[in-house]
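Peer 1: This is a predicted model, with the sequence first.
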Amino acid sequence: MNQNDILITFASWEERFTLGFEKNLAIYRPRQVLLYYLDRYTDWTEAAREAAAAACEAGNMQVTQKKLSVDDAAQNWKSIGETIDAIAGQESRVVVDMTTMPRESIWMILWFLDLNAGNVSYVYHRALRHAKDWLSRDPQKPRLVFKMSGTPRLGAKTLLVVLAGFDPERTAQLMGFFEPSVTLLGLQTTNTDPDNDRRMKEHAERFGSEASVEFFKVDAYGKDHGQEAIEAILASRRGTYNVVMSSLGPKPTAITLYRIQRGNREFALAYAPSSEFNREYSSGIGECISGDL
Amino acid sequence: MTAERNPFEYAGANDLPPEMVLDYYIEDFNYSRFVQSKRNLLLVGERGCGKSMTLRYNSWPLQQMKAERDGIDLPLAHIGVYVPCKTPLMLKGEYQLLDDLRAALLSEHTLVLSLLFAVAETLAAIPGVMEGADEHALRSRLEFVLESDLPSGGCFFEAVKDFTQRANLKTQQAVTDSTGSSVVLESTYSFPSLIVPVLGLTRAIPKLKHSHFMFLIDDAHDLNERQLESLSSWIAYRDHSLFSFKIAIANFARRKIRTASGGAILEGHDYIRLDMAQPYQNEASDFGKLAEGLVRKRLARFGIDSSPEEFFPVSRQLEKDLEQAEAVVRAEGKSKYGDDSRRIADYVYKYKRAHYFRARSPRANLPEYSGFTTLVFLSTGVIRNLLIPCYAMYDKVISLQSAKGEADAPVDSIPPEVQSEVIIDESRKRWDWLRNGIDQNIVGCSNVDARRCFRLLDQLAILFRERLLHHKSEPRANSFTVSSPTDEVMHELNRLFDILREAQLLYVRSGSAKESGKREWYYVPNRLLWPERGLDPHGQHARVSLRATDLWAAADINRPLPDARKKGERNLELFDEPE
């Protein structure tokens, strides 16, 4: 792998952050590291951030840590804009590790990199295992992402695209919030996660009787992370609805939705935040997924 | 759109076809006639209490359809302009990237364009709206106001729609411009600069020259704070001859409504407030009559020639048990009060149902819940709560018929055992949700608070059960007031109450207080919770007074609520209405 200029990553207490960070340094050999972390989890991520900083120092890499807010999206927009503006230029080669990055941060970072950087790639380290009981809870009000909120037409009905995740109730919350006329619910096709089939079945059962919900299959771990499937199902609806897209499923679909939004500026990206994460969210590190934006 | 498969369809008003809204809507006992007026109205209430349905029903397209059905002239005196706020456009947050002034300008601009589009769309649909009007002159005047050309050709109001769509697109493209991180804000419109002049122009259109425009603003709680301030400023306009606002909003009690200049708008002066969730549910109450009319209308639409009471019959056994209970209680009353029939009647009202519950063996299964009146009580005054179990019951009967190969057989009633099964199932679902954590889907609810919410309702259920079985004065009380509040404890409790309200597990009403006719807030847990706990959903108009510290201790450390038999409680007062 060629040397990259900048690695942008997001600190977490999860084992895969630290293990993935070591891999990233070895593979991408960045000159600079931009390490974001969330204010509410400052303590939980302290050890991981210290270890990351020490590794950077040992490798003679400059590291910048930047705290982001769980609640204040506008402040995050400004912080991310300022930090990326300060270090990235049109010649920069940047790799974004989205493993433990909130989707809203992924989208904001990619947006600013589109504006500032020359070459952007991404990496995602899958977990070996996830917690069995719960991963996140205390959902907050969904919000449209700045500058990626689309150009909704007056008088048009809403169409919601949701890529299903762990919990059908989170999908229900999004549907309750946007009250779409039509919901296109993307179910992840079978993958290495042993619980995937059960979870997708729960979604199908929970929403199967709702006339306004249409299911489609998507493979977040496929070559295009499901882009073709999503674009195909949206093709016949373009121009009819105000389209809002959100991902609660596997993280690579954040890239997919970003790509689709950038190609269709009238579509909106929506983020559904959670206030509480399981300290035992995941363990181990699995397959590494990467690509160019 | 919803296909009609079940007379008790309870999809959101916006998902129902117009014909179905007309067929299902009840004009009586729900203030709908207040809407057809020149007053500013706030329709307040939780989800599912009929706010959107009321606004949609009063929108011009529905009123037009109704007039055509009734064979009367088109209703142009009051033109309802429906403006939905739960739209991606209103939910955009880029205004947050602007300073205060520009954030306010952008927010108002977006709302004003939505209003103008709704006006133009409504008026464009009026048959022959421009008959006798000098369209050329109107175009010139509007182009002067807008400082912009209108598209040529086509209907005047279609041109206004196109202009509005273009102005909106231009704004949104500027706001989401990807060549810079800041938000570019070009010229903006305001209510006085856009809506007032456009409505003023309608005075030159013969068909509209006497029309009053009612802006039917739905889901106003989804507007941002600055838009709400703008809306409040418009409400404060003194002249209501040309337009007024009818605003549906949830969680109103927790919102501070201020105008853009920081002033307050006053209930009674600037607007009238209508509480859509109604406090009383007995047969004689407005809600009881509304529910009866609503179910009767829905049954008739499905060709079912039964009254609600016939369609949802009480089980024979329950009727018999209640008759027996009444006989026992009446005899007790007679021995206490002799020939004083009024006091005996009061005594029977208070204790008949309690006696039925008390006489049941402690080891017996859950009591049977059936009968239309029971369903109305279970609704806690919220229409959707009435329709949900009815929908499930009808569906279950169809399923049972299908299993017997009689899917197409007419449904002329819901057997009591099916009613009971569905009611208990609905009740159980709510407890399961509470127990398993409402933090999974209630915004702002932490896991700790989810547990507190469960414990609070659990302890209230224990207390109400204890009262039902043993309390001498008000055994069927199932609402409460908070006494001895302190800022510290109420801060905690209000957070839980807000979560439970959002989850529609608790409703807040205002009523007369014990002290000198003051008003007070009281709290009514969703009565669908009670069947799973063997409680009586038929409420009694008594509020248990509970100290704030005791409620918090119940929620926080699961401490049982004090035995109300030893505490003061709020009994019927002189001007209270018994249920």
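Peer 2: Nice, thanks for sending it over.

Peer 1: What is the burial count for B:R428?
Peer 2: 15 (other C-beta atoms under 10 Å in any protein chain shown). Backbone N, C-alpha and C define where each C-beta goes, glycine included.

Peer 1: can you list the domain ranges for chain A.
Peer 2: Residue ranges for the domains of chain A, per automatic domain parsing: A:6-128, A:136-277.

Peer 1: possible to save those domains as a markdown table with mean neighbour count, distance to B:N40 and mean pLDDT?
Peer 2: Formatted as a markdown table, the domains of chain A follow (neighbours: other C-beta atoms under 10 Å in any protein chain shown; distance: least, C-beta to C-beta, whole Å; pLDDT from 0 to 100):
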| stretch | mean neighbour count | distance to B:N40 | mean pLDDT |
| --- | --- | --- | --- |
| domain A:6-128 | 19 | 32 | 93 |
| domain A:136-277 | 20 | 24 | 90 |
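
Peer 1: how about those in TSV, adding distance to chain B?
Peer 2: Below are those laid out as TSV (distance: least, C-beta to the nearest C-beta, whole Å):
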stretch	distance to chain B
domain A:6-128	4
domain A:136-277	4
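
Peer 1: want to throw the ones you listed into TSV with distance to B:V376?
Peer 2: Shown next, in TSV, are these (distance: least, C-beta to C-beta, whole Å):
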stretch	distance to B:V376
domain A:6-128	42
domain A:136-277	26
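
Peer 1: Looking at those domains, which is nearest to A:E287?
Peer 2: Nearest to A:E287, of all these, is domain A:6-128, at 4.8 Å by C-beta to C-beta.

Peer 1: Give me the distance between the two termini of that closest one.
Peer 2: 27 Å (C-alpha to C-alpha, to the nearest Å).

Peer 1: Export only the CA atoms of the helix or strand hosting B:Y347, formatted as CSV.
Peer 2: Using DSSP states H and E, B:Y347 sits within helix B:341-359. What follows is helix B:341-359, C-alpha atoms only, in CSV (Å, rounded to 0.1, in the frame of the first residue of the first chain):
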residue,chain,number,x,y,z
SER,B,341,-82.7,6.9,46.6
ARG,B,342,-80.1,9.4,45.5
ARG,B,343,-77.6,8.2,48.1
ILE,B,344,-78.4,4.6,47.3
ALA,B,345,-77.8,5.3,43.6
ASP,B,346,-74.4,7.0,44.5
TYR,B,347,-73.6,4.0,46.6
VAL,B,348,-74.4,1.5,43.8
TYR,B,349,-72.4,3.6,41.4
LYS,B,350,-69.3,3.5,43.7
TYR,B,351,-69.4,-0.1,44.8
LYS,B,352,-71.2,-2.2,42.2
ARG,B,353,-68.3,-2.9,40.0
ALA,B,354,-65.9,-2.9,42.9
HIS,B,355,-68.0,-5.6,44.5
TYR,B,356,-67.8,-7.7,41.4
PHE,B,357,-64.0,-7.5,41.5
ARG,B,358,-63.9,-8.2,45.2
ALA,B,359,-66.2,-11.2,45.0
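
Peer 1: Output whichever helix or strand comes after it as PDB - backbone C-alpha positions only.
Peer 2: Sequence order places helix B:372-378 as the next helix or strand after helix B:341-359, per DSSP H and E. Coordinates of each C-alpha in helix B:372-378 appear next as PDB, following Å, rounded to 0.1, in the frame of the first residue of the first chain:
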ATOM      1  CA  PHE B 372     -68.600  -1.400  24.100                       C
ATOM      2  CA  THR B 373     -68.600   0.800  27.200                       C
ATOM      3  CA  THR B 374     -65.500  -1.100  28.500                       C
ATOM      4  CA  LEU B 375     -63.800  -0.400  25.200                       C
ATOM      5  CA  VAL B 376     -64.600   3.300  25.500                       C
ATOM      6  CA  PHE B 377     -63.200   3.500  29.000                       C
ATOM      7  CA  LEU B 378     -60.100   1.600  27.900                       C
END
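
Peer 1: what residues does helix B:372-378 touch?
Peer 2: For helix B:372-378, the external contacting residues (C-beta atoms under 8 Å, 6 or more residues apart in numbering or on different chains) are B:281-283, B:287-288, B:291-292, B:295, B:308-309, B:311-312, B:314, B:369, B:385-386, B:389-390, B:419, B:423, B:527-528, B:530-531, B:537-539.

Peer 1: What about those residues, which are in helices?
Peer 2: If you go by DSSP state H, the contacts of helix B:372-378 have B:287-288, B:291-292, B:295, B:308-309, B:311, B:385-386, B:389-390, B:419, B:423 in helices.

Peer 1: so which of those also contact chain A?
Peer 2: Filtering those for proximity to chain A by C-beta under 8 Å from any C-beta of the partner chain leaves nothing.

Peer 1: picking that back up, are any of the contacts of helix B:372-378 buried, and which?
Peer 2: The neighbour count (16 or more other C-beta atoms under 10 Å in any protein chain shown) marks B:281-282, B:287-288, B:291-292, B:295, B:308-309, B:311-312, B:314, B:369, B:385-386, B:389-390, B:419, B:423, B:527-528, B:530-531, B:537-539 as buried among these.

Peer 1: and B:T486, what does it touch?
Peer 2: B:A548, B:T549.

Peer 1: at 7 Å instead, please
Peer 2: B:A548 (C-beta atoms under 7 Å, 6 or more residues apart in numbering or on different chains).

Peer 1: Having no further points to raise, I will conclude here.
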